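Peer 1: Pasting the sequence and the predicted model now:
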Amino acid sequence: MSKVPPVWDVDFTKMLGEFKVPGVDLDAVLQAQRKNIEALTAANRTAIEGAQAFGRRQSEILRQNLAELQSQFSSAVSAGAPEEKLAKQTELAKSAFEKAIADMKELAELLAKSNTEAAEIVSKRVSASFDELKGVLKAPTKR
């Protein structure tokens with residue numbers, strides 16, 4: 001038994017083929033749409049892989065930062081005079097801030113790279129689609 005409702009259990013290629021629009025190659029149009037869907041699927045896959053890489057790297061950065069923070073906090077607390085502690089804590093705050101900025105920049109670049117790759121896939125397909133459309137919609141030649 002089919003799980004598809006009868007309303008959607010239609011062969012659209014057959015139905016569209018019955019219209020027989022002059023000068024339009026239905027097979028070419030359907031092939032172009034198939035390529036469009038494949039390009040969008042590839043772009044989505046690229047975007048998802050980029051998001052996963054972003055999440056993995058973000059987790060790695062968090063683990064590294066927590067380990068460093070724990071180590072640095074221990075050394076800051078064990079420092080001698082209050083002036084030494086203050087100097088050590090100030091240096092730790094500065095290095096933590098600089099590392100946070102560098103980490104944010106790295107993550108932003110990772111996302112930008114992923115988004116650029118996904119956009120390039122779609123852009124190439126759009127360009128190819130316009131070229132295909134020109135060929136499909138050519139007026140029939142008069143004899």
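Peer 2: Structure received.
Peer 1: can you tell me how far the residue lying farthest from the centre of the chain sits from residue 121?
Peer 2: Distance from the C-alpha centroid of the chain, by CA atoms, centre = their mean, peaks at residue 81 (51.4 Å). Separation of residue 81 from residue 121 (CB to CB, to the nearest Å): 60 Å. All C-beta spots, glycine's among them, are computed from the backbone N, C-alpha and C.
Peer 1: Could you do residue 37 as well?
Peer 2: Distance, residue 37 to residue 121, using CB to CB: 12 Å.
Peer 1: between these two, who's got more neighbours?
Peer 2: Legend: neighbour count by other CB atoms under 10 Å for residue 37 and residue 121, higher for residue 121 (19 against 11).
Peer 1: packing partners for whichever strand or helix holds the more buried one?
Peer 2: Assessed by DSSP states H and E, residue 121 sits inside helix 82-136. Applying 3 or more CB pairs under 8 Å, 6 or more residues apart in numbering; DSSP states H and E, one finds that helix 82-136 makes contact with helix 26-77.
Peer 1: any weak-confidence spans in this structure?
Peer 2: Residue ranges of the chain with pLDDT under 70: 1-2, 4, 6-17, 19-24, 79, 136-143.
Peer 1: ok, 80 please
Peer 2: Applying pLDDT under 80 to the chain flags the ranges 1-29, 73-80, 133-143.
Peer 1: Tell me how many other residues crowd residue 114.
Peer 2: 19.
Peer 1: for it, what are its contacts?
Peer 2: Counting by CB atoms under 8 Å, 6 or more residues apart in numbering, residue 114 touches 46-47, 49-51, 53-54.
Peer 1: Grab the two from these that are most spread out in space.
Peer 2: Across the contacts of residue 114, the longest distance by CB to CB is 12.5 Å; it joins 46 and 54.
Peer 1: Name the residue in the two with the higher neighbour count.
Peer 2: residue 46 (19 against 16).
Peer 1: Quick check: chain neighbours aside, which residue is closest to that one?
Peer 2: Nearest in space to residue 46, with sequence neighbours left out and distances taken as CB to CB, 6 or more residues apart in numbering, is residue 118 at 4.4 Å.
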